[in-house]
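[1] let me see the structure of the following:
(one chain, ligands or ions: 1)
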Amino acid sequence: MALTLVWFRDDLRISDNPALVAAADRGDDVVACYVLDEETDGIRPLGSASKWWLHHSLEALAGTLEGLGIPLVLRRGAAGEVLPQLADECSADAVTWNRRYGLAERTADAALKESFAARGVEATSYQANLMYEPWEVTSGSDEAYRVFTPFWRACLAFRTPRTPLPAPASLRGPHLASDDLDTWGLLPTAPDWAQGLRDTWTPGEAGAHARLDDFLSRLRGYKDNRDFPAVRGTSMLSPHLRFGEISPFEVWHAAQDHGDSSTADDLRAFGSELGWREFSWQLLYFNPELATVNYRPEFNAFAWESSTQSELKAWQRGRTGYPLIDAGMRQMWEIGWMHNRVRMATASFLIKNLMIDWRVGERWFWDCLVDADAASNAASWQWVAGSGADASPYFRIFNPVLQSKKFDPDGAFLVRFVPELADAENVHEPWKGVAPGYPDRVVDLKESRERALRAYKALSEC
Ligand code: FAD
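    As a prediction, the model looks like this:
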């Protein structure tokens, strides 16, 4: 009897899952597995918030697969060893998976393909998590695009994203020994910091589709609302996309089908955000060290200040004395997610007002975000630092006071995450009045801005 082993990775869904569909289409037995691989060289270990998400997402996927007729087999170890063992155990004659694009992941997958071929097992990979393969739409010189707009324009001209595939109706296959998810230690214990995450999110495919439906009902106005952190203006689909609980093809087509001529601008703006995700992955594909190495090498000479640990800690814990920065950092601490505009402001504050190396911030976000994504996080931090592709110009230093006055005029977002500001006389500039319990400012905005401009200017003159 033939059997296909389906290896789930960043695609924890049954809808629009080409690797699963291919296995089902063979008409034979199917074994579904997930391997927690913390051993293969170069694969970045998940941050704490992502581990929380993964636990619940695997629980949800296991339930969904049970409904189709097969269990999810969990194993732990280097995929290069675990997967061939599992294939032997169930006498698989074929293995399928959906592609990943980091260098360490690609290297591991290529080695596995070879090792399966040598054993006479057919291993096939599929496109599932990006609408455009990073190598499909390149710049004239066969490299990553350096600027977003021509990249996205070229993608849209190249091909309309394919329509999503339906989930298999049922599957059958043997039951194999599986790890107990609870023994993987993905959840926090003491302290249990995840209450805010539990209150906010429903990891898993059903949660992803509920989030999408909710967003579609608010698609009208996205373009204008997306900048206001107190407004539910964006989709909050990022962690679901990160773990592949919904595919970008599904999101793209659902939005297109829902939109009409009155939402054309909203649709275009939303589509282009999905495009930034694709752009980031193309950058990572061609620049595998994007999370640690300046995309623009001239930044290697940048004179980062060695700010004090207390300034870094104040930023991490949302105690800088600047309401927008503190509200954003506390939002991330509480719910594992931060609004995009506030991500830009908090990153700019760390890099340009505290003059701390962008890599320090990238690592903190990696640990705290439920949507921590190897490409989008690294590309965005480099974008803010000015060291990245299509980067923000060096003189663009977000002023947190002007930003909150403009994008959170009544301070609703500020007060929600910094409750001690509820009694402040001036919520945007609490130092101008009485603000009981709110910390003093860690730096002066004007002085720190001038210091950053001097450093950036010196770099541009090198
Ligand atoms: P929506 O506005 O609803 O956008 C829809 C989808 O498009 C998002 O779910 C996301 O997948 C994608 N998207 C939107 N904006 C961007 C962007 N600028 N770059 C890449 N993809 C985008 N996004 C992550 O998914 N993971 C990260 O680790 C991450 N780190 C970031 C770090 C910094 C410093 C900054 C400035 C941005 C970062 N972003 C990251 C991008 C962006 O902030 C989030 O994707 C967005 O806030 C997610 O919210 P949403 O799903 O409601 O977005």
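[2] chain neighbours aside, what residue packs nearest to residue 458?
    residue 303 (7.3 Å; Cβ to Cβ, 6 or more residues apart in numbering). For every residue, glycine as well, the C-beta is placed using N, CA and C.
[3] show me the contacts for the nearest residue to residue 200 once chain neighbours are set aside.
    Nearest residue to residue 200 in three dimensions, chain neighbours excluded: residue 335, at 4.4 Å (Cβ to Cβ, 6+ apart). Shown in contact with residue 335 (Cβ atoms under 8 Å, 6 or more residues apart in numbering): 196, 197, 199, 200, 201.
[4] how about a cut-off of 7 Å?
    By Cβ atoms under 7 Å, 6 or more residues apart in numbering, the contact list for residue 335 reads 196, 197, 200.
[5] I figured residue 287 hits residue 295, correct?
    Yes. With contact defined as Cβ atoms under 7 Å, residue 287 counts as touching residue 295 (6.0 Å).
[6] how far away is the residue nearest to residue 200 from the ligand?
    Applying Cβ to the nearest ligand atom, to the nearest Å, the value for residue 335 to the ligand is 12 Å.
[7] now do the SS call for the residue nearest to residue 458.
    When classified by DSSP: H, G, I helix; E, B strand; the rest coil, residue 303 comes out as coil.
[8] what's near enough to touch residue 254?
    If you count contacts by Cβ under 7 Å, 6+ apart, then residue 254 has 212, 216 around it.
[9] which helix or strand contains it?
    In this assignment (DSSP states H and E), residue 254 forms part of helix 248-258.
[10] tell me what the next helix or strand after that helix is packed against?
    Sequence order places helix 264-286 as the next helix or strand after helix 248-258, per DSSP H and E. Contacts defined by 3 or more Cβ pairs under 7 Å, 6 or more residues apart in numbering; DSSP states H and E place helix 264-286 against helix 148-158, helix 222-225, helix 248-258, helix 374-385.
[11] which residues in this structure form strands?
    Taking DSSP state E to define them, one finds strands in the chain at 3-8, 29-36, 72-76, 94-98, 122-126.
[12] what residues of stretch 136-150 count as buried?
    137, 138, 144, 145, 148 (16 or more other Cβ atoms under 10 Å).
[13] got the buried residues for the helix holding residue 254?
    Those would be 248, 249, 250, 251, 252, 253, 254, 255, 258, for helix 248-258 by 16+ other Cβ under 10 Å.
[14] pretty sure the fourth one contacts residue 237?
    It stands for residue 251. Yes. Between residue 251 and residue 237 there is a contact at 6.3 Å, judged by Cβ under 7 Å.
[15] between the two, which contacts overlap?
    Common neighbours of residue 251 and residue 237 (Cβ under 7 Å, 6+ apart) are residue 212.
[16] and the residue positioned nearest the centre of the chain, what does it touch?
    Nearest to the mean C-alpha position of the chain, counting by Cα atoms, centre = their mean, stands residue 373 at 3.2 Å. Neighbouring residues of residue 373 by Cβ under 7 Å, 6+ apart: residue 242.
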